[in-house]
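K.L.:
need a structure here:
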Amino acid sequence: MRFKKILAFLFAAIIGFSYIAGLSVSEAREKAAAGDTASLRRKASHRGKTPLRGAALRPGDCIGVLAPGFYDDKDDYAEATAILEAQGYRLKFAPSCTAREGYFAGPDSLRASDINRMFLDDEVKAIICLRGGYGAARLLDKLDYQAIADHPKALIGFSDATALHAALWEKCRLATIHGPVLCSLRKRNAYALQQFLAGISSAAPLGELKLPPGEKMRTVVAGEAEGVIIGGNLTVVASLAGTPYELKGDGALLLLEEDGEDSYRIDRMLNQLWQNGLLQRVNGILLGDFFDTDDDLAPGDYTTEEVLTYYANLCGKPVIKGVPSGHGSDNAFLPLGVHVVMRARPDGTASLVFDEAALTDSMKNRRKE
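P.N.:
Numbering: from 1, shown residues only. This is a model prediction of the structure:
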């Protein structure tokens with residue numbers, strides 16, 4: 001009798017858990033009867049609080065530009081400025097865009113202050129990083145996360161900006177955009193520019209990720225997974241491990257890209273993410289561009305492709321390669337922190353479908369339970 005009561009309690013608990021997971025009672029009964037609690041946990045891992053999101057842009061809106069890392073000595077953003085102004089947007093440049101201290105765009109205090117002020121500035125509707133390099137991670141303990149959460153808006157960038165993406169997700173649950181920096185918005189980068197302009201002005205889910213002409217994503221490890229995308233540059237993701245801003249990754253899809261790192265260094269960083277548990281906690285892995293990583297290989301050395309394949313198989317979960325993201329000219333507009341379904345099919349084809357909007361049609365964002 002007591003055993004039956006315990007079974008009844010467990011069954012009821014699974015049904016209740018299904019509500020959190022977003023399943024109907026009938027679906028939950030079927031899964032509970034089959035003992036399929038793992039799929040319930042996977043679904044529940046990305047349900048719950050809706051992420052904070054910025055607003056889709058409209059002509060006349062102001063885009064804030066800041067330099068969280070290296071200084072810019074080329075003034076090579078005139079073309080990007082002209083492109084955005086032709087779309088009807090206004091640009092507001094933070095003091096860090098023209099500052100310098102060592103190799104940084106001004107002292108840490110200035111660069112951190114620029115970020116805090118841009119989020120608090122109601123005139124600014126979205127924020128884009130001027131360029132990459134290094135330095136954003138030095139600012140993470142100087143940001144006002146409560147103020148940022150109270151004034152959510154899209155932050156756009158890649159490479160060094162991965163540190164900001166990670167911290168804003170972990171501390172604020174703010175959805176951000178892995179995409180071009182201002183200096184890389186050029187007409188010759190047609191795919192990236194087209195994706196950027198379409199993405200920042202849409203309050204609808206992006207749907208299936210459009211690829212550059214002639215390009216395909218490919219299966220490394222077959223399977224289907226869902227969750228929110230997190231991550232970005234591998235070096236930055238690994239550098240945050242063990243800090244208060246490290247990615248937890250539970251039930252997420254991990255995006256990784258890299259530029260100019262030898263294959264053994266990529267191995268070392270992936271090993272770190274394996275040992276700290278991130279690669280085990282995510283539901284799937286998305287491999288973007290890995291450029292200039294095999295330039296100094298000695299005969300018999302592992303290639304980057306071999307290293308990535310090794311860790312993909314070690315993880316034993318769906319893995320896709322060829323995601324147009326990173327330091328190449330085809331740098332897609334990839335929302336982080338919104339729900340995505342990845343399909344890595346046995347026939348080698350692969351797809352990414354965004355079924356949750358990255359941006360809202362209003363600046364009034366609230367968390368919904």
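K.L.:
Could you point out which residue ranges in this protein have low pLDDT?
P.N.:
Where the chain drops to pLDDT under 70, the residues are 1-49, 75, 362-369.
K.L.:
check contacts around the closest residue to residue 111 other than its chain neighbours.
P.N.:
Of all residues not flanking residue 111 in the chain, residue 96 sits nearest, at 4.8 Å (Cβ to Cβ, 6 or more residues apart in numbering). Heads up, the C-betas are built off the backbone N, CA and C, glycines and all. Residues in contact with residue 96 (Cβ atoms under 8 Å, 6 or more residues apart in numbering) are 66-68, 105-106, 110-111, 114, 130.
K.L.:
same question, residue 270
P.N.:
Contacts of residue 270 by Cβ under 8 Å, 6+ apart are 234, 279, 307-308, 311.
K.L.:
Quick one: which of those is the most crowded by neighbours?
P.N.:
residue 234 (26 neighbours; other Cβ atoms under 10 Å).
K.L.:
And it, how far from residue 89?
P.N.:
32 Å (Cβ to Cβ, to the nearest Å).
K.L.:
Regarding residue 113, what is its secondary structure?
P.N.:
Judged by DSSP: H, G, I helix; E, B strand; the rest coil, the three-state class of residue 113 is helix.
K.L.:
swap in residue 125?
P.N.:
For residue 125, the secondary structure call by three-state DSSP comes out as strand.
K.L.:
so it touches residue 90, yeah?
P.N.:
No: the pair residue 125 / residue 90 is not scored as a contact, 9.6 Å apart, by Cβ atoms under 8 Å.
K.L.:
which one of these two has more residues nearby?
P.N.:
residue 125 (23 against 15).
K.L.:
Identify the residues contacting the nearest residue to that one once chain neighbours are set aside.
P.N.:
Of all residues not flanking residue 125 in the chain, residue 61 sits nearest, at 4.3 Å (Cβ to Cβ, 6+ apart). The contact partners of residue 61, taken as Cβ under 8 Å, 6+ apart, are 89-90, 125-126.
K.L.:
hmm, try it at 10 Å
P.N.:
Neighbouring residues of residue 61 by Cβ atoms under 10 Å, 6 or more residues apart in numbering: 55, 87-90, 123-126, 200-201.
K.L.:
Please apply the same query to residue 72.
P.N.:
96-100, 105, 130-131, 133, 181-183.
K.L.:
now these as a markdown table including distance to residue 212?
P.N.:
Listed next are the contacts of residue 72 as a markdown table, based on distance: Cβ to Cβ, whole Å:
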| residue | distance to residue 212 |
| --- | --- |
| 96 | 32 |
| 97 | 29 |
| 98 | 33 |
| 99 | 35 |
| 100 | 35 |
| 105 | 31 |
| 130 | 24 |
| 131 | 22 |
| 133 | 25 |
| 181 | 18 |
| 182 | 21 |
| 183 | 20 |
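K.L.:
and those as TSV, adding secondary structure and distance to residue 76?
P.N.:
TSV is the format used below for the contacts of residue 72 (DSSP: H, G, I helix; E, B strand; the rest coil; distance: Cβ to Cβ, whole Å):
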residue	secondary structure	distance to residue 76
96	helix	16
97	helix	12
98	helix	13
99	coil	17
100	coil	16
105	coil	14
130	coil	10
131	coil	9
133	coil	14
181	coil	11
182	helix	9
183	helix	6
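K.L.:
List the residues that contact residue 327.
P.N.:
132, 158-159, 184, 233, 257-260, 288-292.
K.L.:
Repeat that for residue 190.
P.N.:
Applying Cβ under 10 Å, 6+ apart, the residues near residue 190 are 212-213, 329-330.
K.L.:
Narrow the residues you listed to just the buried residues.
P.N.:
Neighbour counting over the contacts of residue 190 (16 or more other Cβ atoms under 10 Å) leaves 212, 329-330 as the buried ones.
K.L.:
all helices for the chain, in order.
P.N.:
For the chain, the helices defined by DSSP state H cover 2-21, 25-33, 37-44, 78-86, 108-120, 145-150, 162-172, 190-200, 234-239, 263-275, 278-281, 304-315.
K.L.:
now the contacts of residue 72: which count as buried?
P.N.:
Judged by 16+ other Cβ under 10 Å, buried ones among those: 96-97, 99, 105, 130-131, 133, 181-183.
K.L.:
how about the contacts of residue 190, which pair is most distant?
P.N.:
Greatest spacing in these, by Cβ to Cβ: 213 and 329 (12.3 Å).
K.L.:
so what's in contact with the two at the same time?
P.N.:
With Cβ under 10 Å, 6+ apart as the test, residue 213 and residue 329 both reach 190-191.
K.L.:
hey, what's residue 104 bridged with?
P.N.:
Residue 104 has these beta-bridge partners by DSSP bridges: residue 70, residue 101.
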